[in-house]
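**Student:** missing the sequence, but the structure's below:
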DNA sequence: GACAATTATATGTTTAAACATCTATTATCA
DNA sequence: TGATAATAGATGTTTAAACATATAATTGTC
């Protein structure tokens, strides 16, 4: 059984709004996981966003993806994908080339070096994920994934508001 | 029922490791919530970390807290609390003074202006939390909070490793 | 077929995050 | 007591995030 968040954060009193407690729990849990994951990636000189890009491009295959498409697939949106890709290009783990048919597009693909870095990381990353969540049953994990997708679902009212 | 994450992120194939899917779901959900929360705070010129500091200091009362204590209570750890507090001091929402008994310590407290900003934000923040999670039952929320605290709990093996 | 609107990416600039190092003060203990 | 370690905080520097704006290419429309 885990520690209540308000104890973990030494808050004076428990939260008075369950929705706020839930929000804070999600953000806190993500912060803890992201910090641990960053430690796994650090020896390889990658940030989690950079690793995210490499995983996206490996999944996309040799044709690669254009900048915007990478942007929308990122786990965390970043406001400057161009320079994120610049840095990965400097590391020689990705490559870029203009598309002929639509010369606005720049296709970005993972290089053999990038593939090698990912291959080296696959085992430690899997081991990390498995050990980090070993306390939870398969059923709990499935339930958590399901509930979180409901959280991300925009409430109906807000959706209507946004479409105006 | 929410959208599966691999569809949301246009991933080529569903995840092959449930633990990884869970990790990514948590991080993705936090990113979505944090982005929405940032929109609520933006008109007030506050980042979510700055808002977090003000909430901590309001909870701490007039005596305030020292720098390190604020650091450990933050939802997301930051590596430079000093300059985070510098910026809030420049906004005149917090104040600082050296402690007499231990002159290494600097006590930081929220100012009346800081209290006023928080007071103004209380209603919109509560409304945001309520509407953002209105799709979920109380029971689901309780269950989610409980499961997330289990996720944050360090696995027993890793704990032993860390204590060496 | 011109021309505004849209889309895709890049650049300039300000601000903050990240990391290492440094100073001052207090605690520890031989 | 006096050297050493530990703690609290600040500072310097590099790197990346954030935000606005610009440039280039394509699409839609009348």
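**Tutor:** Yes, it's here. Here the structure is a predicted model, which means the values were calculated and not measured.
**Student:** which parts of chain A sit against DNA strand C?
**Tutor:** A:42, A:66-69, A:80, A:82-83, A:85, A:96, A:102, A:104-106 (Cβ under 7 Å from any atom of the strand). Where you see a C-beta, it was placed from the backbone N, CA and C, and this is true even at glycine.
**Student:** Most neighbours among those, which one?
**Tutor:** Tallying neighbours with other Cβ atoms under 10 Å in any protein chain shown puts residue A:85 at the head of those, with 21 neighbours.
**Student:** Tell me which of the residues of chain A next to DNA strand C fall in helices.
**Tutor:** Cross-referencing the residues of chain A next to DNA strand C against helices under DSSP state H gives A:67, A:68, A:69, A:82, A:83, A:85.
**Student:** what's the most distant pair in those residues?
**Tutor:** Farthest pair in these (Cβ to Cβ) is A:69 and A:83. Separation: 17.1 Å.
**Student:** got a list of what the residue nearest to residue A:106 when sequence neighbours are not counted touches?
**Tutor:** Spatially, and ignoring its direct neighbours in sequence, residue A:106 is nearest to residue A:96 (5.2 Å; Cβ to Cβ, 6 or more residues apart in numbering or on different chains). By Cβ atoms under 8 Å, 6 or more residues apart in numbering or on different chains, the contact set of residue A:96 is A:85, A:89, A:106, A:107, A:108, A:109.
**Student:** thinking again about what came up before, so which of the ones in helices among the residues of chain A next to DNA strand C is the closest to residue B:35?
**Tutor:** Ranked by distance to residue B:35 (Cβ to Cβ), those are led by residue A:68 at 17.8 Å.
**Student:** which one is that closest one nearest to, not counting chain neighbours?
**Tutor:** In this structure, residue A:68 finds its nearest non-sequential neighbour in residue A:81, 7.7 Å apart by Cβ to Cβ, 6+ apart.
**Student:** give me every residue that touches that neighbour.
**Tutor:** Per Cβ under 8 Å, 6+ apart, neighbours of residue A:81: A:67, A:68, A:70, A:71, A:74.
**Student:** do the same with residue A:32
**Tutor:** B:151, B:152.
**Student:** does the most centrally placed residue in chain A count as helix, strand or coil?
**Tutor:** By Cα atoms, centre = their mean, chain A has its centre lying nearest to residue A:75, at 3.4 Å. What DSSP: H, G, I helix; E, B strand; the rest coil gives for residue A:75 is coil.
**Student:** From residue A:63, how far off is the one residue in chain A that gets nearest to DNA strand D?
**Tutor:** Closest residue of chain A to DNA strand D, Cβ to the nearest atom of the strand: residue A:103 (3.6 Å). Distance check for residue A:103 against residue A:63: by Cβ to Cβ, to the nearest Å, it reads 17 Å.
**Student:** swap in residue A:118?
**Tutor:** From residue A:118 to residue A:63 the distance is 17 Å (Cβ to Cβ).
**Student:** what about those two, which has more around it?
**Tutor:** Looking at residue A:118 and residue A:63 with other Cβ under 10 Å, you find the greater number of neighbours at residue A:118, namely 19 against 7.
**Student:** before we move on, back to that, and the contacts of residue A:96, which of them are in strands?
**Tutor:** With DSSP state E as the criterion, strands contain A:106, A:107, A:108, A:109 from among those.
**Student:** Of those residues, which is the nearest to residue B:5?
**Tutor:** For these, the nearest to residue B:5 is residue A:108 (22.4 Å; Cβ to Cβ).
**Student:** Can you show me the helices along chain A?
**Tutor:** Under DSSP H, chain A gives helices at A:5-8, A:18-41, A:48-60, A:67-73, A:81-90, A:112-132, A:138-152, A:156-162.
**Student:** if I look at the nearest residue to residue A:12 once chain neighbours are set aside, how far off is residue A:17?
**Tutor:** In this structure, residue A:12 finds its nearest non-sequential neighbour in residue B:59, 4.6 Å apart by Cβ to Cβ, 6+ apart. As judged by Cβ to Cβ, residue B:59 and residue A:17 stand 14 Å apart.
**Student:** again with residue A:25
**Tutor:** 12 Å.
**Student:** ok, the residue lying closest to residue A:121 once chain neighbours are set aside - contacts?
**Tutor:** With sequence-adjacent residues excluded and distances taken as Cβ to Cβ, 6+ apart, residue A:121 is closest to residue A:44, at 6.2 Å. The contact partners of residue A:44, by Cβ under 8 Å, 6+ apart, come to A:117, A:120, A:121.
**Student:** same check, this time on residue A:41
**Tutor:** Residue A:41 touches A:47, A:48, A:51, A:121, counting by Cβ under 8 Å, 6+ apart.
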